[in-house]
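Student: take this sequence and fold it.
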Amino acid sequence: MTMQAMNMQSAVNTKNLLVELFVEELPPKALKNLGEAFANGLADSLKAQGLAGEHSAVTPFASPRRLAAHISAVGSQAADKSVSQKLMPVSVGINADGEATPALLKKLAALGADASAVPHLKRQIDGKAEALYFDSVVTGATLAEGLQKALDKALADLPIPKVMQYQLADGWTSVNFVRPAHGLVALHGADVVPVHALGLESRRATHGHRFEAAMNPVLLQHADHYAAQLETQGSVIASFAKRHAKIARQLQAVAAAEGLTPVEDVALLDEVCALVERPNVLLCRFEEEFLAVPPECLILTMKANQKYFPLLDAAGRLTNKFLVVSNITPADASRVVEGNERVVRPRLADAKFFFDQDRKKTLASRVAGLDKVVYHGKLGTQGERALRVRAIASSLAEQAFAYEMLASDVDRAAMLAKTDLLTDMVGEFPELQGVMGACYARHDGESEAVAQAIEDHYKPRFAGDELPRCEVGLIVALADKLETLVGLFGIGQLPTGDKDPFALRRHALGVIRMLTERRVAIDLGPLIALSVSAFGPAIKDPGAPLTDFIFERLAGSLREQGYSAQEVDAVLSLRPARLADVGARLAAVRAFAAMPEAASLAAANKRIGNILKKSDAPDGVFSAGALVEPAEKDLYSAMDRVGAMARGHFERGDYERALSELAALRSAVDGFFDTVMVNAEDLALRNNRLWLLRNLHTDMNRVADLSKLAA
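Tutor: This next block holds a predicted model:
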């Protein structure tokens, strides 16, 4: 049979493949990723081995008790392929008499060939030497071989959050996997593919729902019948996406029947989808008296502890109704509803008790207690930290904001910001820090600005989070994040690799967003300096490394926003003192780069920079009277005219016009380099020309380093 015929046979003999691993309940927060990784890992390996084509469709399945994949158009055997293998240099494999050396014969024997293959070896230049190559045809892998390899690799590469060890039925063999596995299915069309994994041999039997399967086990007839048989015979919706969509529809439908809306939470929906195989959404209630507790507390305890979906009315207020996603569908669901209502009641009662107890003490009365809470072994207590935040906030308010109007609220908010850490509610629900502080501040009669600042000083807490709502909150949030950054950098506690236990990258991005988006009128250097002064001799000044760290985070953030690496580098290489100006500088650079003169001026700027780097001209003052050539006189005249206008625009913060004015320099700059010899033999003339270029370089690079735009 010819190679072409073999390839055709392999291409024709394809069927759809189904692989399922049946396990004990998988970790819900990891299920979606595990299902996708398992399916894609199998498909990628089969494609790499030639058993599946590039266009083979991959369908992942993942339920609490199974990981599975359906892959279309998988061959029973991969096509044979020609392989050219490098053996050794000709000088090593062939002796002076033109005969094969023992080394060559040994290598051929290892490949299943003998001396008769020597005349057919190819000679080909490899680097500087000629090498010998052996051409052979490798038989394509059978599906059983290829699937075994793919299965082993897919399981080894699974992103398992935590591996557990368990024993097989023999009582001796130990297996490491995310959860104990009890079944393996591998069907190529209707045929079982003989493979093994985790001590299991493949078969066609799987299991349905623990309680509601119509038959058990479920004998799968064909790879394409997997989802349908599990749903009809096993009462299981195997597809994560299909279950997810069904739960979302049921949540909306049940809520709409009550004129309510479920709280949106994608992560909770994903987690609940990973807990059920046959979702059934039910409406439950709790006593209205619990609504006296702040809604954030009730919502958090229902979502985090019970995986319930709280319901809101048309005005967005929390109601005493919630939805539960059950894994069973009884004819009478009243027992299920009663059970969930009974379970949530103690949790809500705890929240109400904590809320009532906490309000018996004011936040101000808790300030002294911060001295007993250790913040960091080298940086002292939360009380000491609060004093530093107050000092930083006060200095910041004085230098960049209307200090007299804000001073009292800023100091009060900074003093009280961490006191809710000592409350019972935050002790039980750490996620509510700040939120409960604001609630208790209002109860204590603090001003609304102080209450908002206590809640908002943690913002932005994550990418895309909102910024503090008022100036008091903005100042305290900046002070809090700067205290963390300066303190930990000051004791050498820097992030390493992917480890960032104190979330310093997030804090730096928060500082950047607040300075840029709220256009805070303070330079970065003085901002870090006033933060350092709050620590006294307790730390080393981290100014330089912290500045580098902040600019690195800023560069990454700007690239994620769509700015090119050239644009970002052009602006940030100057280390602009005021981060609030960075956006305007980037917009100016982008507008300048679109001008027809940009490429020529950027190239000239780069050339000027290189000339100045290599020059040994001493510092001095340029003299217009010492100009000789018409071209250098023209350049000076253009600089005198354009430079003054560009500087005026720059000082007013109109960076786009400052750069656009530079376009008028193009012809004069080109003329200068076409006709003027910078490194003239006359030392005075040479230095004067270098001083002229130094002034030009300064004028061109006020907004950004234009040389970074050169190709």
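Student: packing partners for the longest helix along the chain?
Tutor: Ranked by residue count, the top helix of the chain under DSSP state H comes out as helix 334-358. If contacts are counted by 3 or more CB pairs under 8 Å, 6 or more residues apart in numbering; DSSP states H and E, helix 334-358 sits against strand 280-285, helix 295-300, helix 306, strand 318-326, helix 424-428. (Each C-beta comes from the backbone N, C-alpha and C, glycine too.)
Student: contacts for the next helix or strand along the chain from the last one?
Tutor: Once the chain leaves helix 424-428, the next helix or strand it forms, by DSSP states H and E, is helix 435-444. Helix 435-444 is contacted by residues 294, 296-297, 358-359, 362-364, 416-417, 419-420, 423, 425-426, 448, 450-452, 454-455 when judged by CB atoms under 8 Å, 6 or more residues apart in numbering.
Student: give me the distance from helix 435-444 to the chain's centre.
Tutor: 33 Å (CA atoms, centre = their mean, to the nearest Å).
Student: what angle sits between it and helix 334-358?
Tutor: Helix 435-444 runs at 60 degrees relative to helix 334-358, counting by axes from the mean of the first three to the mean of the last three CA atoms, to 10 degrees.
Student: quick revisit: would you list the helices and strands packed on helix 334-358 in JSON lines and tack on distance to residue 274?
Tutor: Shown next, in JSON lines, are these (distance: least, CB to CB, whole Å):
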{"stretch": "strand 280-285", "distance to residue 274": "16"}
{"stretch": "helix 295-300", "distance to residue 274": "20"}
{"stretch": "helix 306", "distance to residue 274": "16"}
{"stretch": "strand 318-326", "distance to residue 274": "11"}
{"stretch": "helix 424-428", "distance to residue 274": "25"}
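Student: for these, which one sits closest to residue 229?
Tutor: strand 280-285 (20.7 Å; CB to CB).
Student: give me the angle between that closest one and strand 318-326.
Tutor: Using the same axes, to 10 degrees: strand 280-285 against strand 318-326 is 150 degrees.
Student: chain center to strand 280-285: distance?
Tutor: With CA atoms, centre = their mean, you get 35 Å for strand 280-285.
Student: thinking again about what came up before, could you give the separation of the longest helix of the chain from the chain centroid?
Tutor: Remark: helix 334-358 is offset 36 Å from the chain centroid, using CA atoms, centre = their mean.
Student: after it, which helix or strand is next?
Tutor: Using DSSP H and E, the helix or strand that directly follows helix 334-358 along the chain is strand 374-376.
Student: what packs against that following strand?
Tutor: Packing contacts for strand 374-376, counted by 3+ CB pairs under 8 Å, 6+ apart, involve strand 380-381, helix 382-400.
Student: now the last one: buried residues?
Tutor: Residues 382-397, 400 are the ones in helix 382-400 that count as buried (16 or more other CB atoms under 10 Å).
Student: residue closest to the middle of the chain?
Tutor: Nearest to the geometric centre of the chain sits residue 463, at 9.2 Å (CA atoms, centre = their mean).
Student: any idea how far that residue lies from residue 435?
Tutor: Separation of residue 463 from residue 435 (CB to CB, to the nearest Å): 20 Å.
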